[in-house]
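Asker: Next come a sequence and a model predicted from it.
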Amino acid sequence: MKLLLTTNASLDDPSRVINIGSIDGLNVPALPTFS
């Protein structure tokens, strides 16, 4: 993964990683969820 990030990056447009850590990371859950 590091190789892909460094080869596709530039000073004007650096690579980014978006980390979504749970099933409810993108929206508000209708019911309570627990891990």
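Answerer: Happy to help now that I have it.
Asker: Report the outermost residue of the protein with respect to its centre.
Answerer: In the chain, residue 31 marks the outermost C-alpha relative to the chain mean, sitting 23.6 Å out by CA atoms, centre = their mean.
Asker: What number of residues are in the vicinity of residue 21?
Answerer: 7 (other CB atoms under 10 Å). C-beta here means a position set from N, CA and C on the backbone, and glycine is covered the same way.
Asker: Check which helix or strand it maps to.
Answerer: If you go by DSSP states H and E, residue 21 is not part of any helix or strand.
Asker: cool, residue 5 as well?
Answerer: Judged by DSSP H and E, residue 5 forms part of helix 2-7.
Asker: same thing with residue 15?
Answerer: If you go by DSSP H and E, residue 15 is not part of any helix or strand.
Asker: now it: how far from residue 32?
Answerer: 35 Å (CB to CB, to the nearest Å).
Asker: Please say which of these two ends up with more neighbours.
Answerer: Per other CB under 10 Å, whichever of residue 15 and residue 32 has more neighbours is residue 15, with 13 against 6.
Asker: quick one, what contacts residue 17?
Answerer: residue 5 (CB atoms under 8 Å, 6 or more residues apart in numbering).
Asker: start to end distance for stretch 3-19?
Answerer: 18 Å (CA to CA, to the nearest Å).
Asker: quick one: it to chain centroid distance?
Answerer: Centroid separation between stretch 3-19 and its chain, computed with CA atoms, centre = their mean, to the nearest Å, is 13 Å.
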